[in-house]
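Novice: here is my input; please provide its structure:
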Amino acid sequence: MNKNNKKQKTIAVVIIYIIIGIIIYFYINNNIKINNTQEIEEISTYEEDISKEEKQISETKNNDENNITNNNNNKENKENAENIENEIIIHITGAIKNEGVYKLKSQSRVSDAVEIAGGLREDADTKKINLAYLLEDGMKIIIPSINDEETEEELITKQIGTNNSQESVKDESQNSKKININTASEEELDQLPGIGKTTAKKIIEYRNENGKFSNIEEIKNVKGIGESKFKEIEDMIFV
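Specialist: Prediction:
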């Protein structure tokens, strides 16, 4: 009997150990699974966070690039607008190396037009034109030649489609009943009382050399026009 009891006890102990081993095995496996699941979740969360950060960085970069592009476009448009406002277009012909139409900066002078057109020809007569004359948009400049005969043609004019300002002067005189001494031709000036062809030529020469008259009183600077002659014509002229 004692031997049987011992054997049964041994078997019972072995069974208990087996059961405990099985319990420990499943416990450990469950913990490993739980830990693995947590690690997978943490890795997934980490990857999502990285993805979000990368997306934010990409969006920020794209926004910055778009802002830079927009700023550059705005700056370029502004500069283009300013350049257009600060440009004038003139036509230069005569004793010049390269006749043509040119763009210049505003506040340019006749000398600037001469330079951009390649310079003066050897036969240019600079005594008949003022190289310091301030240009305006749409002007035509005619550089005279020493070989040119005397002419009534304006050396600097703003008239469109013609080399002679006489047409516009007629229109102005018809409308205002006065003569614009800044645009009048020799023929128009000759019609003023006391102003003959000689004085009319001197008025045009003065205008070419010194620029437009700033007021009608300035015409008294022309040789041959004194105070008394000015009184005769002052109600018939304007600038």
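
Novice: so G226 touches K220, yeah?
Specialist: Yes. Shown here, G226 and K220 form a contact pair, counting by C-beta atoms under 8 Å, at 6.9 Å. For glycine as for every other residue, the C-beta is placed from the backbone atoms N, C-alpha and C.

Novice: what's the local residue count around N62?
Specialist: Using other C-beta atoms under 10 Å, N62 has 10 neighbouring residues.

Novice: I'd like the average pLDDT over the helix or strand harbouring it.
Specialist: Using DSSP states H and E, the secondary-structure element containing N62 is helix 2-85. Average pLDDT, helix 2-85: 69.

Novice: which parts of the helix or strand that that helix is followed by are buried?
Specialist: Of the helices and strands lying after helix 2-85 in sequence (DSSP H and E), the nearest is strand 87-94. Buried positions in strand 87-94, judged by neighbour count with 16 or more other C-beta atoms under 10 Å: 88, 90-92, 94.

Novice: turn the residues you listed into CSV, including distance to I24 and pLDDT.
Specialist: Formatted as CSV, these follow (distance: C-beta to C-beta, whole Å; pLDDT from 0 to 100):
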residue, distance to I24, pLDDT
I88, 98, 91
I90, 103, 91
H91, 105, 92
I92, 106, 92
G94, 113, 87
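
Novice: D112 should be in a strand, yeah?
Specialist: No. Applying DSSP: H, G, I helix; E, B strand; the rest coil, one finds D112 to be helix, outside a strand.

Novice: and the spatially closest residue to it that is not a sequence neighbour, backbone torsions?
Specialist: For D112, ignoring the flanking residues on the chain, the nearest one in space by C-beta to C-beta, 6 or more residues apart in numbering is L104 at 5.7 Å. Dihedral pair for L104: phi -140, psi 160, per degrees, to the nearest 10.

Novice: measure L104 to Y27 for me?
Specialist: Distance of L104 to Y27, given as C-beta to C-beta, to the nearest Å: 94 Å.

Novice: more neighbours: which of these two?
Specialist: Neighbours per residue (other C-beta under 10 Å) separate L104 from Y27, with L104 holding more: 20 against 10.

Novice: partner residues bridging the more buried one?
Specialist: Per DSSP bridges, the residues bridged to L104 are I88.

Novice: understood, closing this out.
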